[in-house]
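Undergrad: missing the sequence, but the structure's below:
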């Protein structure tokens with residue numbers, strides 16, 4: 001998935017080496033990422049495992065088809081990677097255009113380039129109904145506070161949606177994937193929460209809302225790094241183990257043209273091209289594993 005593309009890029013001979021396309025598009029200012037996160041479709045989980053450690057992934061599509069998918073996204077956030085959530089209707093396959101949206105905060109003149117710039121910075125939330133705000137200390141979504149161990153940071157979040165959709169049922173403050181506070185509802189169906197967050201380790205903070213009739217919203221994180229890190233040290237090895245396993249499965253699989261392609265796509269050389277490029281893909285996986293090794297070593301060197 002690529003946004004704000006200056007020039008289309010297509011190289012069928014190198015199709016399975018996604019990183020080459022990502023690198024060329026990013027050089028032209030595009031935002032790059034993956035659609036259908038947590039869907040199990042098209043080996044998106046293996047692609048994320050392979051491309052994220054190289055810094056090639058800006059965006060993850062986590063709201064689609066009336067569901068909010070956060071498991072894979074939270075895993076990468078808990079390894080310290082900063083990925084921006086986006087929403088996609090995937091019309092005409094899944095939903096109507098605009099059924100899910102990214103709301104992006106633009107403060108200095110609304111232009112397409114400015115919108116993409118603020119999206120890249122994470123000043124956004126995804127929604128199919130609720131509107132969200134998040135303030136962490138003096139900053140908001142996508143921003144950063146360099147924290148110190150033992151620091152106390154004030155957090156406030158609000159959620160509201162049209163009365164046609166019913167009240168907000170739950171507003172949650174999420175820290176490294178765990179709910180640490182739940183907001184109270186108002187008479188108008190909105191909800192708000194305030195919380196004093198005690199920062200012992202570097203972390204990320206986000207707000208998540210659930211409304212009646214299957215509505216959801218989730219902010220991009222605000223980051224509170226300590227010594228540069230926002231990882232969840234206790235979970236890092238487990239998460240990396242899952243990512244390594246998925247990449248290993250990818251290398252022993254074989255693509256299925258009937259499953260992976262649209263009826264009008266060319267299927268003649270699909271599997272053949274996979275086997276031609278598999279040695280290069282295998283080396284790319286080895287490089288990714290070395291980057292994960294370096295990350296785990298860095299995390300292990302910190303005792304906070």
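TA: Yes, it's here. Just so we're clear, the structure is a prediction, and the values are computed from it rather than from any experiment.

Undergrad: buried set for stretch 1-10?
TA: By 16 or more other Cβ atoms under 10 Å, the buried positions in stretch 1-10 come out as 1, 2, 3, 4. For every residue, glycine as well, the C-beta is placed using N, CA and C.

Undergrad: Look through the chain and tell me its longest helix.
TA: Longest helix of the chain, by residue count under DSSP state H: helix 270-300.

Undergrad: Which elements pack onto it?
TA: Of the remaining helices and strands, those touching helix 270-300 by 3 or more Cβ pairs under 8 Å, 6 or more residues apart in numbering; DSSP states H and E are helix 44-51, helix 236-251, helix 257-260.

Undergrad: any idea of the mean pLDDT in that helix?
TA: Taken as a whole, helix 270-300 has a mean pLDDT of 96.

Undergrad: May I see the buried residues of it?
TA: So, applying 16+ other Cβ under 10 Å, buried residues of helix 270-300: 270, 273-274, 277, 281, 284-285, 288-289, 292, 295-296, 299.

Undergrad: Which of the helices and strands packed on helix 270-300 sits closest to residue 13?
TA: For residue 13, the closest of those is helix 257-260, at 16.7 Å, according to Cβ to Cβ.

Undergrad: Excluding its own residues, what touches that closest one? List them.
TA: Contacts of helix 257-260 with the rest of the structure, by Cβ atoms under 8 Å, 6 or more residues apart in numbering, involve 42, 265, 267, 270, 271.

Undergrad: Look up phi and psi at the residue nearest to residue 273 when sequence neighbours are not counted.
TA: Spatially, and ignoring its direct neighbours in sequence, residue 273 is nearest to residue 15 (6.1 Å; Cβ to Cβ, 6 or more residues apart in numbering). For residue 15, the backbone dihedrals (degrees, to the nearest 10) come out as phi -50, psi -40.

Undergrad: For residue 15, give its distance to residue 251.
TA: From residue 15 over to residue 251 the distance is 16 Å, taken as Cβ to Cβ, to the nearest Å.

Undergrad: before we move on, back to that, out of the helices and strands packed on helix 270-300, which one sits most buried?
TA: Counting by mean count of other Cβ atoms under 10 Å, helix 44-51 has the highest mean neighbour count of the helices and strands packed on helix 270-300, with a mean of 22.

Undergrad: Check the nearest residue to residue 46 once chain neighbours are set aside and give its pLDDT.
TA: Sequence neighbours aside, residue 250 is the residue nearest to residue 46 in space, at 4.0 Å (criterion: Cβ to Cβ, 6+ apart). Looking at residue 250, its pLDDT stands at 95.

Undergrad: surely residue 250 meets residue 50?
TA: Yes. If you go by Cβ atoms under 8 Å, residue 250 and residue 50 touch, sitting 7.5 Å apart.

Undergrad: I'd like the secondary structure assignment at residue 253, please.
TA: Following DSSP: H, G, I helix; E, B strand; the rest coil, we place residue 253 in the coil state.

Undergrad: and it, what does it touch?
TA: With Cβ under 8 Å, 6+ apart, residue 253 has these contacts: residue 43.
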